[in-house]
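> this one's structure only:
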């Protein structure tokens, strides 16, 4: 079931300057950004991310200071391009949008500093007869990339949720082969009326009743916690792709930590760095809300 | 050539000088000497990676040529393992960031077992950043690491703002001197005192550290700060207060380095705080630093550590300097 292209990538990442090729609004909140960076495109695996500067490289401009962790939506090794679907969430991503717009219009320097690919990606769950992705917010990108590269057997369903229809990413940007797309909106303006976890329960109780699917979850933390709870209650294998504020992306700053139930093989600590040990985790191995178990 | 003349070899016939240079591998004499002396250590270049921003060196090995560095300073080490503070641990501020990691580290036993073999492979000097709750804890780490060859020296962190009692040795001159007096007999290796800017008179603490036995000083650690989420009226980081780093703190760091260098003539000083370019580093050299550490910039531009030695080399050549000596402390107030 497991397949070679999805195995966790070795920790050989690169530091490059990537030239933006295109940027397109694919909903009121999502932007599809295409960069030319052949080496990172060749190495990127589903679920991995890059640290991308949100402003031109200039020592005199230091605000906002830190790069932003952005998950890879797709990588085309033949064309040497990397696609990122980013969710405009704050100051950094708003500036990134302006920077790329300026670069494409020839108003500023063209290349953005990029470090990647980083983290361990998704691997296909074994001993399951279907694969369900549950995504929202910035979690959409890694799931779409995963389903596009997935070679394992079994039915595929991808649930993507947003507040309302205009926030959902355009369907062609999130399409994956042989994968049924289920959209959900809180206000019912498109697809299922309710949140991602409501749509998941409807799928598990409806078309997939009696089956044993594996869950892949990425998005806002309350959504991931609720989906992990569903997996636990129904005894389904599950993987969550965690997000956190990051400074370095390579495991040194220790900003993005989460607590696990067992000590780390190298440090002996219960902390895991989301950037280095994740971002994809089995929630059953994490402490607290993720597994319902307190750390020993 | 100008550098050679300044070193007082003007009287030698040009042909002889050329001949002697040719005999050196790689025409080394034509290159400015980037080495920097720190106590009993000679650093290959005056550029170091600051503690807490570079892990144990190998994390950045895929993209940073560690042989370019004078030294790597490890993440802080305590006797017992520490899980660190709750999250969120960082918050980005104007041209800087706040952090309250809480000295998360594996502890001395795991460090010796798992980290030392990795550190031994690094093609650069290794300074271990040491923290403790008491003089005994600092001394235990220095004593146990002293015989280990991979460890070239200790940066004694008396200035972490994110732990209880973290600043006692940094803010009380008598305590500071007592600490270094106690550490001096535990090791023959370099003792570098990392000082805090969160004090009334950094010069007084610098003098106390040197009188106690520190062979060199590094400064500054982070500035204590905080940030508030006005929607929730709660702190942005779980620890409430955190340490401010990044370009925002460079002016404070320069002032502290200048004061410490003037207070302790002849003592090597390592400048730290917001270095983002060669020009920033030059400012630190001019106010008296003989080496600098790059910290927060590693997060956004790890390539800076690759570029700095070449850029400094070019700058020294353009100035006609053969080494760092005419640069260090050349500032005129």
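Everything's here; your move. A quick note: this is a predicted structure, and the numbers were derived from the prediction, not measured.
> Scan chain B for its longest helix.
helix B:304-319 (DSSP state H).
> what does it contact?
Identification of contacts with helix B:304-319 by CB atoms under 8 Å, 6 or more residues apart in numbering or on different chains yields B:3, B:31-32, B:34, B:45-47, B:49, B:64-65, B:68-69, B:275-278, B:281-282, B:294, B:297-298, B:322-324, B:326-327. C-beta: built from backbone N, CA, C; applies to glycine.
> switch the cut-off to 6 Å
Residues from elsewhere that reach helix B:304-319 (CB atoms under 6 Å, 6 or more residues apart in numbering or on different chains): B:32, B:34, B:45, B:47, B:64-65, B:68, B:278, B:294, B:297.
> which of those residues are buried?
Neighbour counting with 16 or more other CB atoms under 10 Å in any protein chain shown marks B:32, B:34, B:45, B:47, B:64, B:68, B:278, B:294, B:297 as buried within the contacts of helix B:304-319.
> Let's have these in a markdown table, adding secondary structure, distance to residue A:270 and pLDDT.
Shown next, in a markdown table, are those (DSSP: H, G, I helix; E, B strand; the rest coil; distance: CB to CB, whole Å; pLDDT from 0 to 100):
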| residue | secondary structure | distance to residue A:270 | pLDDT |
| --- | --- | --- | --- |
| B:32 | coil | 48 | 91 |
| B:34 | coil | 42 | 96 |
| B:45 | coil | 38 | 97 |
| B:47 | strand | 35 | 98 |
| B:64 | coil | 29 | 95 |
| B:68 | helix | 35 | 92 |
| B:278 | helix | 41 | 97 |
| B:294 | strand | 30 | 98 |
| B:297 | helix | 30 | 97 |
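> Of those residues, which is the nearest to residue B:196?
residue B:294 (19.1 Å; CB to CB).
> Run through the strands of the stretch 101-250 of chain A in chain order.
A:112-118, A:130-136, A:155-162, A:179-185, A:192-193, A:213-218, A:238-241 (DSSP state E, counting those that start in this stretch).
> Repeat that for the stretch 101-250 of chain B.
B:125-130, B:153-157, B:190-194, B:216-219, B:223-226, B:228-229, B:234-235, B:241-245.
> and the second one with strand B:125-130, angle?
So the one you mean is strand B:153-157. Angle, strand B:153-157 to strand B:125-130, by axes from the mean of the first three to the mean of the last three CA atoms, to 10 degrees: 30 degrees.
> Under the pLDDT cut-off, which ranges of chain B? List them.
B:1-30, B:160-167 (pLDDT under 70).
> does the residue of the stretch 151-296 of chain A found nearest chain B sit in a helix, a strand or a coil?
Across the stretch 151-296 of chain A, the shortest distance to chain B (CB to the nearest CB) belongs to residue A:252, at 3.7 Å. Per DSSP: H, G, I helix; E, B strand; the rest coil, the local secondary structure of residue A:252 is coil.
> Skipping its backbone neighbours, what lies nearest it in space?
In this structure, residue A:252 finds its nearest non-sequential neighbour in residue B:55, 3.7 Å apart by CB to CB, 6 or more residues apart in numbering or on different chains.
> Which secondary structure state is assigned to the one you found?
Applying three-state DSSP: residue B:55 is coil.
> coming back round to it: would you format the contacts of helix B:304-319 as CSV with distance to chain A included?
Converted to CSV, the contacts of helix B:304-319 look like this (distance: CB to the nearest CB, whole Å):
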residue, distance to chain A
B:32, 22
B:34, 21
B:45, 19
B:47, 15
B:64, 8
B:65, 11
B:68, 14
B:278, 9
B:294, 12
B:297, 9
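> Pull the most distant pair out of the residues you listed.
Most distant of these, by CB to CB, are B:32 and B:297, 23.4 Å apart.
> What residues are bridge-paired with residue 293?
Looking at chain A here, since you left the chain open. Beta-bridge partners recorded for residue A:293 (DSSP bridges): residue A:288.
> please go with chain B instead
Here residue B:293, judged by DSSP bridges, has bridge partners residue B:48, residue B:272.
> Show the contacting residues for it.
So residue B:293 contacts B:48, B:50, B:272 (CB under 6 Å, 6+ apart).
> how about a cut-off of 10 Å?
With contact taken as CB atoms under 10 Å, 6 or more residues apart in numbering or on different chains, residue B:293 is in contact with B:46-51, B:53-54, B:69-73, B:127, B:155, B:194, B:218-219, B:270-273, B:275, B:281, B:284.
> Where does the prediction get shaky in chain A?
In chain A, residues with pLDDT under 70: A:1-11.
> For the most centrally placed residue in it, give its distance to residue A:124.
With distances taken as CA atoms, centre = their mean, residue A:142 lies nearest the centre of chain A, 3.4 Å away. With distances taken as CB to CB, to the nearest Å, residue A:142 is found 14 Å from residue A:124.
> For the closest residue to residue A:58 other than its chain neighbours, give me its contacts.
Leaving aside its sequence neighbours, residue A:58 sits nearest to residue A:109 (CB to CB, 6+ apart; 7.7 Å). Listed by CB under 10 Å, 6+ apart, the contact set of residue A:109 reads A:17, A:19, A:55-58, A:99, A:102-103.
> Can I get the buried part of those residues as one PyMOL selection?
To isolate the buried subset of these in PyMOL, counting by 16+ other CB under 10 Å, use the following:
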select buried, chain A and resi 19+55+99+102+103
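> out of the contacts of residue A:109, which are inside helices?
Short answer: these in helices (DSSP H) are A:99, A:102-103.
> So which of those residues would count as near chain B as well?
Among the ones in helices among the contacts of residue A:109, not one lies near chain B by CB under 10 Å from any CB of the partner chain.
> pretty sure residue B:68 is in contact with residue B:44, am I right?
Yes. With contact defined as CB atoms under 10 Å, residue B:68 counts as touching residue B:44 (7.8 Å).
> Now list whatever residues contact both of the two.
Contact criterion CB under 10 Å, 6+ apart; residues shared by residue B:68 and residue B:44: B:34, B:123-124, B:309.
> and the gap between residue A:150 and residue A:130?
The value you get for residue A:150 to residue A:130, if CB to CB is used, is 12 Å.
> need the residues of the stretch 101-250 of chain A near chain B, please.
Counting by CB under 10 Å from any CB, the stretch 101-250 of chain A sits next to chain B at A:113, A:115, A:244-250.
> what's the farthest-apart pair in these?
Farthest pair in those, by CB to CB: A:113 and A:244, 20.8 Å.
> list the contacts for residue A:237?
Residue A:237 sits in contact with A:125-128, A:212-216, A:231, A:282, A:284, where contact means CB under 10 Å, 6+ apart.
> and what of residue B:301?
By CB under 10 Å, 6+ apart, the neighbours of residue B:301 are A:15, A:53, A:57, A:59, A:67, A:113, A:115, B:276-277, B:294, B:307.
> Same question for residue A:155.
A:128-132, A:178-180, A:207-208, A:211, A:213.
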